[in-house]
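Colleague: Have a look; sequence and predicted model below, questions after that.
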Amino acid sequence: MTEPGNPFLADIGAGIDISRDVPEYQVFHDGKFTTSVSDLSEHWRDDLVIFVLGCSFSFEEALIQSGLTVRNIEQGRNVSMYDTDIACQPAGRFSGNMVVSMRPFTPKDAIRAIQITSRYPKAHGAPVHFGFPDAIGIRDIQSPDYGEAVDIHDGEVPVFWACGVTPQNVIRQSKPPICITHAPGKMLITDLLNNALSVL
């Protein structure tokens, strides 16, 4: 979190300027999406505060290095992301339901993926659910709300991690006058190495 009006994120990279270094931004007014832009030159204000959230893409390297197949990478697609009925813990006026990303694994590999991603709490950490999409409000696993669908093979289970698109649900629910987020699947790249995020 930065001080108001400061677009620079020196703690996570040299010269990172949040107003121009994200591939695509989504702008919301009163909880409603209004536009997508490639820079914030027309939207930046001196009272804006930046919140930096981790991303599950950061632990995918560790999964691959452990011999697991990450389906969205294998198929060259954006990760599948879904709205859920899992309520986030409210913070003041802000509340809403969690968005999750999904990667399918065999049960054996799912256990290994849980072990690996538990070491990355700043990149969403361990999964929040696996196995039964309808138990968390996902009605059609082949129709993600964001990103792209990936193949789920026979004998595999869907594994769900908390997702950085969650704030967009909170924005729609809480309706702040203005809020700007990254577009789903188009995050800020920092100078931090993925292995620097591991706690073990």
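Modeller: Here it is on my side, so go on. Numbering: from 1, shown residues only.
Colleague: Can you give me the distance of the residue nearest the centre of the chain to Gly131?
Modeller: Note on the chain: the residue nearest the mean C-alpha position is Gly164, at 2.6 Å, using C-alpha atoms, centre = their mean. The spacing between Gly164 and Gly131, counted by C-beta to C-beta, to the nearest Å, is 23 Å. (C-beta placed from N, C-alpha, C; glycine too.)
Colleague: For Asn6, which non-adjacent residue is closest in space?
Modeller: In this structure, Asn6 finds its nearest non-sequential neighbour in Ile50, 7.4 Å apart by C-beta to C-beta, 6 or more residues apart in numbering.
Colleague: what residues are up against that neighbour?
Modeller: Neighbouring residues of Ile50 by C-beta atoms under 8 Å, 6 or more residues apart in numbering: 1-2, 6-7, 9, 18.
Colleague: Lowest pLDDT pick from those?
Modeller: Here the lowest pLDDT out of the contacts of Ile50 sits on Met1, with 85.
Colleague: Report how many residues lie close to the closest residue to it other than its chain neighbours.
Modeller: With C-beta to C-beta, 6+ apart as the criterion, Met1 has its nearest non-adjacent residue at 5.4 Å, and that residue is Phe51. Counted with other C-beta atoms under 10 Å, the neighbours of Phe51 add up to 9.
Colleague: and the residue nearest to Phe57 when sequence neighbours are not counted, how many neighbours does it have?
Modeller: The shortest distance from Phe57 to any non-neighbouring residue, by C-beta to C-beta, 6+ apart, is to Met187 (6.8 Å). For Met187, the neighbour count with other C-beta under 10 Å is 18.
Colleague: Report the residue ranges of every domain in this structure.
Modeller: For the chain, automatic domain parsing gives the domain ranges 1-53+174-189, 54-163.
Colleague: Can you say which of the ones you listed is packed in most?
Modeller: Mean neighbour count (mean count of other C-beta atoms under 10 Å) peaks for domain 54-163 among these, with a mean of 17.
Colleague: which residues in this structure form strands?
Modeller: Listed in chain order, the strands of the chain (DSSP state E) span residues 25-29, 32-37, 80-87, 97-105, 129-130, 157-162, 178-182.
Colleague: Export those to TSV and append columns for distance to Leu68.
Modeller: Below are the strands of the chain laid out as TSV (distance: least, C-beta to C-beta, whole Å):
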stretch	distance to Leu68
strand 25-29	31
strand 32-37	33
strand 80-87	16
strand 97-105	7
strand 129-130	14
strand 157-162	11
strand 178-182	26
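Colleague: With mean pLDDT and distance to Ile73 as added columns, please give these in TSV.
Modeller: Converted to TSV, the strands of the chain look like this (pLDDT from 0 to 100; distance: least, C-beta to C-beta, whole Å):
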stretch	mean pLDDT	distance to Ile73
strand 25-29	96	24
strand 32-37	96	25
strand 80-87	97	12
strand 97-105	97	9
strand 129-130	97	19
strand 157-162	98	15
strand 178-182	94	19
